[in-house]
Every structure is written in C-alpha cells, then in structure tokens.
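In: When you get a sec, could you give me coordinates for this:
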Amino acid sequence: MRVGYTLSEYFYFKNKERRALIYLSVCCVVTSFIPLIFPLFQSSQQVDFSEFKQEIAAFYADDEKDSPTQNIDSTPQEISYFPFNPNTASKDDFQKLGLSSRTAQSILNYRSKGGKFFKAEDFKKIYTLKSEDYERLTDYITLPLNPPLAIKRKKKSYEYDHVDKVIVQEFTFNPNTASYEDLVRLGISSRAAKGLIKYRNAGAVFRKKSDFKKVYNIEEADYNRLESYIDLPDEADFPTPEKTKSVYKKKEWTPVFVDINNATVDEWQKLRGIGPGYANWIVKHRERLGGFATVKQVSEVYNFPDSTYQSIKEFLTNESPNLTKISINKLTAEELKNHPYIKWKQANRIVAFRKQHGAFSDMNSIRKMPVFTEEFFNKIEPYLKFD
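Out: Numbers count the residues shown, from 1 in each chain. Here you go, the predicted structure:
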C-alpha cells in the first residue's frame, strides 16, 4: 500500500502543471508538422540555367581553341617547322610552330620582363610550354654563339689605366718603385699588380727578393721567371726606424704599517694589493662592527682575497681597539640584527630569552641560551655591554 501511495503521489500534477504539460505537448506536435506544411505556402519557382550553361560551353570552346593539342590536330592550322630564335621570334612564328596562343604570349611576356634564352635548354623555362612541344622543337632552336649578357656587373674602377693588349717583356725592376704598367708588361696579371701596389701603399717594403712572393696572387711561376730581374738596393739604403727600448723602472715600495681601527680609505690604499674598492669595504665593515677587536677580522670583509690578507697582515696593527658596544638588555630584535654577527633569528631568540629569564648580567648568563655555539659567543663578546 505504501508503494502504491508513493507512485500515485509522484504522478500527481497540480492544475497549473497539467496546463503547462498540455501546452508543451501541443507545441511539440505543431513543430513536428511545420516541415510538412511549409512547402504548401511556398510558391514554386524554376531557375533558368540556360544562360549559365551557354557561358560554360563558350568557355570550354575558347579553351579548346587555344589548346596546343587542338592546334596540332586541327586541320585548318598546319604546323610549319623552321629554325627560330626564341629571343626574336614573333607570336605568329610561335603559333606557326604549333604552340598555343597562350604559350606564345607567355614567351613574349618572359622576354618583355628581361628574360633571355642563352641555350636551348632555357626554352623549358616557359611555364605553359609542354615537354612534348619542347622535344618537338628543340632541334629547330638556333641561338648565337656569343649571346649578349642580360646583366653586366659593374666593374670596379681603379686609378690606373687598363691595358688591353700587352706584349710580355723582361727587364730589371725594383718592386718598391715599379708602376702598374711596368708590372703588367712583365707578364704579371692585372690583379696581382694591383695587389702589389696596395701592399706597398700599406707601408710594406721589399728588402729581399723572396719578399716578392708575399704579394697575394703572385704565382710561383711568375716569381721563378722574374727572380733574376728583381733589382733591390743594398740593405743599408733602406731607412730603418730606430727602436728605442723602453726601460721599465720598478716602483719602489716602502713597507707601511696601518692601524686597523684608525686608518682612513687613503691610508689603507698604501698597502700593496689594496685599491679603492677594498679600502672602502674594509672601512664600511669596521663601522658596522663598531671597530675591529682583532686583526683577523679584516679577512672577513666581503670578497676580500685570502692571498691579499696574508700578504698585508704583518703590516696591520691594533693600537687603539676602541670598540662601540651595544646594550644587549635594552635593544630590540630589530636593532640587534643590524650587527654583522647577529642574524634575525638569533636576535629574536635573544629577546625572547631575555623576556623569559630577565636581563643578562654577564657573558655567563648569555651562554645559558641553547642552540648558540661557542664560536658565536666569542665573536659577539667584545661588542656587548650589560647595563
């Protein structure tokens, strides 16, 4: 009974819910019939594609008319074979050879943009030219033996005249004074002659015959052929610049003793190996500490080489260790951590221990703090006061 009651209660709808269900059902039925009803309200209209079909037919007719195979196979257009130069042939000549109007126009466009055919294989560069057309016409392509270059590189001009025809002569010459024309008459290439003159302009001097081979582009055969004709003055005739040997005078250094707690930046620099940078760092570290208690503390300066410290430690003195001490019973954790030997965590522990156990009376009371090492106590002891 309980199950039946539950089901009947589950499927029970209120008036508003029943009306909403009826409306929803009607909407679903009407929506499902819309695709069947909609064509009844639409007027039937037929599209005339005849004009479009005519345009397609005309397009294919033009394409077949321009096709190279059509030109080859069509009876009205007869193919004529004759020698032709693709650099000068006209459009009609190409069409007489069996090429399509499109291909002939492509050749003309290629030539109008500066294209040149230097050899028969260049005719294949034409994009629209079929391979069978090239094979068919390759034997009829005629090109001049020395075709004009399409692009000529601009030659670099030199200050000496160009010699067109040179009769090689052999005569004695001095490579330090010979002109460009003389070098060319000796059978040296124009490039090598220019290189020799540049070599001389750079301040080089030929002192012996073998120096002639130092010139770039001078061939071994030219050197062997002209070696006996090279005429150089005696060694004494060459101006030899006097070389003055600089004498380095070793700077004399007098040992200087420095008081580590009173020395200024300038006085620190009197020590060997101490420059302005190290001198400034040493003074700043001394000020933060409140003075040096021992000479060894100088080696604690940031980035200070141990080798430099070892070389100067015998010249360091501590005549007046007047240290600035801090009151460990009055300063806050923020103030204690400003000392280089006391870190933030250590300062907090000192203040917390002081609040719990009372003020420190001496170093023995400080040593009662756990965690801290004996090394830490020994470092801070000279800088503490108990007031």
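
In: quick one: least confident helix or strand in this structure?
Out: Every helix and strand of the chain was ranked by mean pLDDT, DSSP states H and E. The lowest is helix 68-73, at a mean of 45.

In: Confirm for me that residue 99 is in contact with residue 126.
Out: No: using C-beta atoms under 8 Å, residue 99 makes no contact with residue 126, being 9.2 Å away. Heads up, the C-betas are built off the backbone N, CA and C, glycines and all.

In: what sits in contact with each of the two?
Out: residue 107 (C-beta atoms under 8 Å, 6 or more residues apart in numbering).

In: hmm, back to that, the least confident helix or strand of the chain: what's the following helix or strand?
Out: Counting by DSSP states H and E, the next helix or strand C-terminal to helix 68-73 is helix 91-96.

In: More neighbours: residue 99 and residue 126, which one.
Out: residue 99 (27 against 20; other C-beta atoms under 10 Å).

In: Would you mind giving the secondary structure of that one?
Out: Three-state assignment for residue 99 (DSSP: H, G, I helix; E, B strand; the rest coil): coil.

In: how much space is there between it and residue 78?
Out: Remark: distance between residue 99 and residue 78 (C-beta to C-beta, to the nearest Å) = 14 Å.

In: What are the structural domain limits within the chain?
Out: 2-37, 71-140, 180-236, 258-317, 326-385 (automatic domain parsing).

In: What backbone torsions are found at residue 384?
Out: When read as degrees, to the nearest 10, the backbone of residue 384 gives phi -110, psi 140.

In: I'd assumed residue 328 was in contact with it.
Out: Yes: contact criterion C-beta under 8 Å: residue 384 and residue 328 qualify, at 5.0 Å.

In: any common contacting residues for these two?
Out: residue 366.

In: Settle it for me: which of these two has more neighbours?
Out: Set residue 384 next to residue 328 and count neighbours by other C-beta under 10 Å: residue 328 wins out with 22 against 17.

In: isn't that one right up against residue 387?
Out: No: between residue 328 and residue 387 there is no contact under C-beta under 8 Å: 9.1 Å.

In: what about the closest residue in space to residue 372 that isn't next to it in sequence, which SS state?
Out: Sequence neighbours aside, residue 346 is the residue nearest to residue 372 in space, at 7.1 Å (criterion: C-beta to C-beta, 6 or more residues apart in numbering). Recorded secondary structure, residue 346: helix (three-state DSSP).

In: Now do the phi/psi pair for residue 23.
Out: Torsion angles, degrees, to the nearest 10, at residue 23: phi -60, psi -40.

In: For the remainder of this discussion, apply numbering that starts at 19.
Out: Will do, 19 is the new start, and the previous item becomes residue 41.

In: and it, what does it touch?
Out: By C-beta under 8 Å, 6+ apart, the contact set of residue 41 is empty.

In: any idea how far it is from residue 54?
Out: 22 Å.

In: what's the answer for residue 70, then?
Out: Look at residue 70 and residue 54: by C-beta to C-beta, they are 32 Å apart.

In: just residue 347 next, same as before
Out: On the measure of C-beta to C-beta, residue 347 and residue 54 end up 101 Å apart.

In: who has more neighbours, those two?
Out: residue 347 (14 against 8).

In: Not counting sequence-adjacent ones, nearest residue to that one?
Out: Here the residue nearest residue 347, using C-beta to C-beta, 6+ apart, is residue 377, at 4.3 Å.

In: Then residue 330?
Out: Residue 330's closest residue in space is residue 289 (C-beta to C-beta, 6+ apart), at 4.8 Å.

In: Would you confirm that that neighbour belongs to a strand?
Out: No: going by three-state DSSP, the assignment for residue 289 is coil, not a strand.

In: Pull up the per-residue confidence for it.
Out: Per-residue pLDDT puts residue 289 at 89.

In: got it, and residue 251?
Out: 78.

In: Now do the same contact list for the residue nearest to it when sequence neighbours are not counted.
Out: Leaving aside its chain neighbours, residue 251 sits nearest to residue 192 (7.5 Å; criterion: C-beta to C-beta, 6+ apart). Each residue near residue 192 by C-beta under 8 Å, 6+ apart is listed here: 224, 248-251.

In: picking that back up, the residue nearest to residue 330: what's it in contact with?
Out: 274, 276, 330, 333.

In: Would you mind measuring from it to residue 110?
Out: For residue 289 relative to residue 110 (C-beta to C-beta), the value is 101 Å.

In: need the contact list for the spatially closest residue to residue 298 that is not a sequence neighbour.
Out: Take residue 298 and drop its neighbours on the chain: the residue closest to it by C-beta to C-beta, 6+ apart is residue 283, 5.8 Å away. Contacts here follow C-beta under 8 Å, 6+ apart; on that basis residue 283 touches 294, 297-298, 301.

In: Next one: the residue nearest to residue 251 from residue 35, what distance?
Out: For residue 192 relative to residue 35 (C-beta to C-beta), the value is 123 Å.

In: Can you tell me the SS state at residue 73?
Out: Residue 73 ends up helix, using three-state DSSP.

In: How about the contacts made by residue 40?
Out: By C-beta under 8 Å, 6+ apart, residue 40 has no neighbours at all.

In: quick check, it in a helix?
Out: Yes: secondary structure of residue 40 (three-state DSSP): part of a helix.

In: Check what pLDDT it gets.
Out: Looking at residue 40, its pLDDT is 89.

In: residues contacting the nearest residue to residue 312 once chain neighbours are set aside?
Out: Once flanking residues are discounted, residue 312 sits nearest to residue 336: 6.9 Å by C-beta to C-beta, 6+ apart. Each residue near residue 336 by C-beta under 8 Å, 6+ apart is listed here: 277-279, 310, 312-313.

In: Repeat the analysis, applying 7 Å as the threshold.
Out: By C-beta atoms under 7 Å, 6 or more residues apart in numbering, residue 336 lies in contact with 278-279, 310, 312-313.
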